[in-house]
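[1] Sequence plus the predicted model coming up.
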Amino acid sequence: MLVGLYIHHHCFAAIVIMRVLVTGGAGFIGSKLCLGLLRPDDDAPIWVKEEISCVVAVDNLWRGSLSNLDAVKDDPRFEFVKCDLAYPLDASAAIAAARPDVVYHLADVVAGIDYVFSNEAFVFRQNLLINSNVLRGCGQAGVKSVIYVGTACSFPAHLQSAEEGIVAIHEDQTYPAAPESSYGWSKLMGEYEAELARKAGAFDVGIIRLHNVYGRGLVDYTDEKNSATLQVLPALCLKAIRAAAKSGSGVLSVYGSGEQYRDFLHVDDVVRALLLCKTNAMNQGVVQIGTGVPTTIKRTANMIRDYVKQHLGAELDLHFDASMPEGDRGRVAVLERARDILGWKARVGIDAGLEDLFLSCLECCRSKQEARPRRSLKPIPQMEPWFDDAERNALSMYMRTGSPWLTEFRKTTQFENMVAEYTGAKHAIAVNNGTVSLTIALWCVGVRQGDEVIVPNFSMVATPNAVLLLGAKVKFVDVDDASLCVSVETLRDAITPRTKAVIHVSLNACGHGIDQISALCKKLRVPLVEDSAQSLGSFYQGKHLGLYGDVGSFSFSAPKIISTGQGGILVTNDDKLASLIRKTKDFGRSRGGTDHHEVIGWNFKLTDMQAVIGCTQMKKLPFRVKRMRQIFDQYYARLSGVPGITMLDRRTLSPDWIPWFIDVYTDDVAELAEHMKKRGISTRKVYPPLHLQPCYNGAYGSRGSFPVTEKWSSRGLWLPSSSKLSNADVDRVCNCVVEFASSRSKL
Ligand SMILES: Cc1ncc(COP(=O)(O)O)c(C=O)c1O
């Protein structure tokens, strides 16, 4: 701190010249703070108005951005230093060079809730490093005052996300400390470290804990890298502006019920509190900053819808998507300490603050010409696997605990048990994919070179290829017009004394008539292998598909309802067959680690690494099954009866049916696919008839006539079918199909 003389109206006055350093100075709050320090409002504390000689912003520009500092960059008292505070020497050097009297420590790694939960260890470690490097650097540089900016995420988890009611939290409710996230933990540790430094006499410490900060930033909201963009209110504003810019759609989709609430705190109020902290709240422990007012997401969504109407003249429908997670319920601040110690009370209400934020997002989009129709349409894939933190954490836990060999072991057994329990099978045996599983199944029911196996002509190519892998012969049969699976009548005609086995494919998870097929095969003593690769989650007459045959085969490839990347599993109630399959997939031995081989076998094993993912995915299966049914119902309600579009309702054939993929049929299949593609929606043509595949084309038993397969196959298109689709996504797809159909009907 320098003491100088300042001449004013012929009077001499002593004045303190203070240098201030802001870590995270290029971020959303940091850049606003720099502005507040350099261009104080009339009611800013005196020290800010009269004593500041220099403001140094330190930032590594990972989330922060220089454009946030446009408003201050030309001020001669301002300086920017690019520095990664996670490196101790860099941090000490930056702080020493700035010679600050006051340090506002805001820097941390936070990039949205998703990021925090997917990178827990990284976030935790980086924040600990940043805190300790900054606090040590402050001690070494003789800093007088440190204002540590913490977060309400440091409150215990049960207070952060209570199931019911509004929870108002007091600062002393921090113990026992149990923050919900590594982010909350790391920020709490920083508070403790700052307190330790204070007790040791290093410097004065003020600690401010912030609730949900929002507000007009200096930031570019369209920049996905910017942490402000990831907060719920700007994200909702942007979504609404983009939805309004789209022709036709006009739906603002909100995750969850909308009943979740937050204590939304305007950034201008935060800056005011931080400036007051220096004079009012040093060495007084934690002071939390919030409005104390709970605001539901539903309310903010309604407000945003009104702004869209007022400022853009567009009508948006609100859609609360209960299928998506709504995150924390919320929490609000008790305001006593902020009032008594800091002399602070929030001034900006959500009404004024949110409209201002909306307008700043609108300006931002306009300056980037984002309001143009369709530019921001999110692509909808036809299918995508769905993994999240659960899989990431389970894998990370697996790699850390015990001595993971990665190969097939306990996790594979656990996965097998979970599938057995879910399907009701006596045995489930995991293998490395759904092609190999079919091959093993055929081998183990006795199919050998030259034998004939009946295969439906409408399937994925893996089905007949599994037969060919054994050197056996394929005999293709046509499918039934309603179920698109082979019928018992067709099989009755097709089975001859040469038939060594039948493969039934429950195409698109449809099991209609499998009971009769099973009875026929039993009667004729022909082994029945169920290719139920697409059918996990589908029951027929109370029994899971795959259990009607001697053995059933499933795939866990990426487009399946659950996936292990690659993977397959066989289910059977036959003890002897199960034992043979187990040996066959493990070199023909009855246990690992021995070189005694009882039967001919190969290495078709899964790995424990995949099984870890499989176990986690299995826990999600019941939700996905339910969700697929809802998705089908929504598609069917919108698209059945649309002229020129046919949807097959397999629910009438089997009430427990859930779809693997959503299939529609039309004479203009290529045009429909093209229409969807132009609107960012991916589709996939259904399988061509196998006998017309170039690799078959008249060879390998593919001669014959298959009119039903040809009829459906040439007209079929799979629409987006992931269980991850939101209702709004499905709506968008349906709008697109309807738009196409009505343009055709006008031709
Ligand atoms: C009906 C059918 N059979 C077999 C397979 C082959 O499974 P995988 O890709 O796991 O080898 C699939 C999946 O792709 C399939 O849909």
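    Everything's here; your move.
[2] any idea how far residue 64 is from residue 468?
    59 Å (Cβ to Cβ, to the nearest Å). Yep, even glycine has a C-beta here, placed from its N, CA and C like the rest.
[3] Those two: which has the busier surroundings?
    Under the neighbour definition other Cβ atoms under 10 Å, residue 64 and residue 468 were set side by side, and residue 64 has more, 27 against 16.
[4] dump the residue contacts of that one.
    Residue 64 is in contact with 24, 25, 26, 27, 28, 30, 31, 227, counting by Cβ atoms under 8 Å, 6 or more residues apart in numbering.
[5] Nearest to the ligand, out of those residues: which one, please.
    residue 227 (40.0 Å; Cβ to the nearest ligand atom).
[6] Give me the local confidence score for that closest one.
    What the model reports for residue 227 is a pLDDT of 59.
[7] ok, which pair from the contacts of residue 64 is furthest apart?
    Maximum pairwise distance among those (Cβ to Cβ): 13.6 Å, between 25 and 227.
[8] So these two - more neighbours on which side?
    The residue with more neighbours, out of residue 25 and residue 227, is residue 25; 29 against 22, by other Cβ under 10 Å.
[9] just to confirm, which helix or strand has the more buried one in it?
    Residue 25 is part of no helix or strand, with elements assigned from DSSP states H and E.
[10] Please tell me I have it right and it contacts residue 65.
    No - using Cβ atoms under 8 Å, residue 25 is not in contact with residue 65; the gap is 11.2 Å.
[11] Residue 663: helix or strand, and which one exactly?
    Using DSSP H and E, residue 663 falls in strand 662-665.
[12] domain assignment for this structure?
    108-367, 399-616, 621-745 (automatic domain parsing).
[13] For the ligand, give me its nearest residue in the stretch 51-200 of the chain.
    residue 118 (27.0 Å).
[14] In this structure that residue contacts residue 392, no?
    Yes - Residue 118 is within contact range of residue 392, at 5.9 Å (criterion: Cβ under 8 Å).
[15] Neighbours of the residue in the chain positioned nearest to the ligand, how many?
    Nearest to the ligand, among the residues of the chain, is residue 434, at 2.6 Å (Cβ to the nearest ligand atom). By other Cβ under 10 Å, the residues close to residue 434 number 27.
[16] Contact partners for it?
    For residue 434, the contact set (Cβ under 8 Å, 6+ apart) comprises 462, 531, 533, 553, 554, 555, 556, 557, 567, 568.
[17] pLDDT score for it?
    What the model reports for residue 434 is a pLDDT of 98.
[18] Phi and psi next, for it.
    phi -80, psi -10 (degrees, to the nearest 10).
[19] for the chain, which residue is closest to the average position?
    residue 388 (5.6 Å; Cα atoms, centre = their mean).
[20] wait, doesn't residue 314 sit right on residue 250?
    Yes - in this structure, residue 314 is within contact of residue 250 by Cβ under 8 Å, at 6.7 Å.
[21] Now do the shared contacts for those two.
    Residues touching both residue 314 and residue 250 (Cβ under 8 Å, 6+ apart): residue 244.
[22] and the contacts of residue 64 as JSON lines, adding distance to residue 275?
    Formatted as JSON lines, these follow (distance: Cβ to Cβ, whole Å):
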{"residue": "24", "distance to residue 275": "16"}
{"residue": "25", "distance to residue 275": "15"}
{"residue": "26", "distance to residue 275": "19"}
{"residue": "27", "distance to residue 275": "17"}
{"residue": "28", "distance to residue 275": "17"}
{"residue": "30", "distance to residue 275": "13"}
{"residue": "31", "distance to residue 275": "15"}
{"residue": "227", "distance to residue 275": "22"}
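[23] sorry, back to before: looking at the contacts of residue 434, which are in strands?
    Using DSSP state E, the members of the contacts of residue 434 that fall in strands are 531, 553, 554, 555, 568.
[24] Please list which of these also come close to the ligand.
    531, 555, 568 (Cβ under 6 Å from any ligand atom).
[25] buried residues in the helix or strand hosting residue 304?
    Using DSSP H and E, residue 304 falls within helix 297-312. Neighbour-count burial for helix 297-312 flags 297, 298, 300, 301, 303, 304, 305, 307, 308 (criterion: 16 or more other Cβ atoms under 10 Å).
[26] between these, which is nearest residue 574?
    Once Cβ to Cβ is applied, the member of these that ends up nearest residue 574 is residue 297, at 53.0 Å.
[27] how about the closest residue to that closest one other than its chain neighbours, what does it touch?
    By the measure of Cβ to Cβ, 6 or more residues apart in numbering, the closest residue to residue 297 outside its immediate chain neighbours is residue 258, 5.0 Å from it. Listed by Cβ under 8 Å, 6+ apart, the contact partners of residue 258 are 296, 297, 298, 301, 318, 320, 326.
[28] that older thread, now the ones next to the ligand among the ones in strands among the contacts of residue 434 in JSON lines, please, with extra columns for distance to residue 51 and neighbour count.
    Listed next are these as JSON lines, based on distance: Cβ to Cβ, whole Å; neighbours: other Cβ atoms under 10 Å:
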{"residue": "531", "distance to residue 51": "78", "neighbour count": "30"}
{"residue": "555", "distance to residue 51": "70", "neighbour count": "28"}
{"residue": "568", "distance to residue 51": "71", "neighbour count": "29"}
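[29] Take these and lay them out in JSON lines including pLDDT.
    As requested, these are arranged in JSON lines below (pLDDT from 0 to 100):
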{"residue": "531", "pLDDT": "98"}
{"residue": "555", "pLDDT": "98"}
{"residue": "568", "pLDDT": "98"}
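[30] now these as JSON lines including distance to residue 331?
    Output for those, formatted as JSON lines (distance: Cβ to Cβ, whole Å):
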{"residue": "531", "distance to residue 331": "51"}
{"residue": "555", "distance to residue 331": "44"}
{"residue": "568", "distance to residue 331": "46"}
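[31] For the stretch 501-650 of the chain, what lies in contact range of the ligand?
    For the stretch 501-650 of the chain, the residues in contact with the ligand (Cβ under 6 Å from any ligand atom) are 505, 531, 533, 534, 555, 557, 568.
[32] Near the fourth one, how many other residues are there?
    Spelled out, that is residue 534. Residue 534: 25 surrounding residues under other Cβ under 10 Å.
[33] what do you get for residue 541?
    Using other Cβ under 10 Å, residue 541 has 12 neighbouring residues.
[34] Same question for residue 592.
    Neighbours of residue 592 using other Cβ under 10 Å come to 11.
[35] Sounds good, over and out.
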